[in-house]
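**Student:** heads up, no residue letters with this:
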């Protein structure tokens, strides 16, 4: 299941943005659907298991996936040639700029994956511990967390729109920097102030998801996107598994205060990495560039 499911991101994302006039918004919509899907999946799985047994929790999503595959085969136009054989579409960039962009992409993917997995996997226990005495009903705590994720998911839509209008670095840098004080404040907060801080943190964490894919859109042409996306995801998922492995022992040994301060440090590193990113045009203008277009000027 994991092997077949792994095709989605390295193939799906490059396919979505291949001919998109507004790739930032396209990536944002895709991310929004993905995060809302996670929330719906939790509810749907619980319902299916309770009403029909655990086999239904596998069979029903599998049936929906197969149905979507049939629709895809019928409705999506066939490509005239594999992306690797198509002519290069992007404007030429200095080799040093591309190398620096790839380095930033890799480092930011590592810290971003750690932040995403530390938060999403630890938020439930964090709220249970820090809201004790204020909200003690596990169902209510779960509903509050679902509300955080639902609201935060829409941040990707906003970021996607901004990516089509402004240089990526100009959006990513302040968002990364803003998470540093939020994590520090959350480390020492409890009750409703902690909940408000967590909402702000997750808006920034979820909102940062489109940046790496947008970076690939800007600096990698169609012929290489799937390979670059696959490499990036291999790094991210490898780090993600490490984050999940470390989360329990870290919280048990040092508590959430230390973990949140560590995440503040990771957010600081992300900010440093993003500050090294070359200035660049918006994803929309980059996607519309033609082979004959002159090299674009670096923007903020």
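**Tutor:** On my side now, so go ahead. None of the values given here were measured: they were computed from a predicted structure.
**Student:** for this protein, what's the longest helix?
**Tutor:** Under DSSP state H, the helix in the chain containing the largest number of residues is helix 225-275.
**Student:** summarise which helices and strands that helix is packed against.
**Tutor:** Here helix 225-275 touches helix 8-17, helix 95-130, helix 168-187, helix 209-219, going by 3 or more Cβ pairs under 8 Å, 6 or more residues apart in numbering; DSSP states H and E. C-beta: built from backbone N, CA, C; applies to glycine.
**Student:** and if we set it to 10 Å?
**Tutor:** Packing partners of helix 225-275 (3 or more Cβ pairs under 10 Å, 6 or more residues apart in numbering; DSSP states H and E): helix 8-17, helix 95-130, helix 168-187, helix 191-207, helix 209-219.
**Student:** go through those and pick out the most buried.
**Tutor:** Of all the helices and strands packed on helix 225-275, helix 209-219 carries the top mean neighbour count, a mean of 26, counting by mean count of other Cβ atoms under 10 Å.
**Student:** quick one: mean pLDDT for that one?
**Tutor:** In this model, helix 209-219 carries a mean pLDDT of 80.
**Student:** between that helix and helix 8-17, how big is the angle?
**Tutor:** With axes from the mean of the first three to the mean of the last three Cα atoms, to 10 degrees as the basis, helix 209-219 and helix 8-17 are set at 60 degrees to each other.
**Student:** distance of residue 62 from residue 1?
**Tutor:** Distance from residue 62 to residue 1, counting by Cβ to Cβ, to the nearest Å: 9 Å.
**Student:** got it, and residue 152?
**Tutor:** For residue 152, the distance to residue 1 - Cβ to Cβ - is 27 Å.
**Student:** surely residue 264 is in contact with residue 188?
**Tutor:** No: counting by Cβ atoms under 10 Å, residue 264 does not reach residue 188; the two are 11.2 Å apart.
**Student:** please tabulate the helices and strands packed on helix 225-275 in JSON lines, including the columns distance to residue 74.
**Tutor:** Converted to JSON lines, these look like this (distance: least, Cβ to Cβ, whole Å):
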{"stretch": "helix 8-17", "distance to residue 74": "16"}
{"stretch": "helix 95-130", "distance to residue 74": "35"}
{"stretch": "helix 168-187", "distance to residue 74": "36"}
{"stretch": "helix 191-207", "distance to residue 74": "33"}
{"stretch": "helix 209-219", "distance to residue 74": "27"}
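**Student:** for residue 142, find the nearest of the ones you listed.
**Tutor:** The minimum distance between residue 142 and those falls on helix 95-130, with 7.3 Å, by Cβ to Cβ.
**Student:** coming back round to it: so between residue 264 and residue 188, which is more surrounded?
**Tutor:** residue 264 (19 against 12; other Cβ atoms under 10 Å).
**Student:** can you give me the distance of that one to residue 4?
**Tutor:** 38 Å.
**Student:** what do you get for residue 131?
**Tutor:** Separation of residue 131 from residue 4 (Cβ to Cβ): 39 Å.
**Student:** same check on residue 99?
**Tutor:** Taking Cβ to Cβ, one finds residue 99 at 34 Å from residue 4.
**Student:** cool, residue 196 as well?
**Tutor:** From residue 196 over to residue 4 (counting by Cβ to Cβ), the distance is 40 Å.
**Student:** go on, residue 235?
**Tutor:** Taking Cβ to Cβ, one finds residue 235 at 21 Å from residue 4.
**Student:** more neighbours, these two?
**Tutor:** Using other Cβ under 10 Å as the criterion, residue 235 and residue 4 rank with residue 235 on top: 16 against 8.
**Student:** mind listing what the more buried one touches?
**Tutor:** By Cβ atoms under 10 Å, 6 or more residues apart in numbering, residue 235 lies in contact with 105-107, 109-110, 113.
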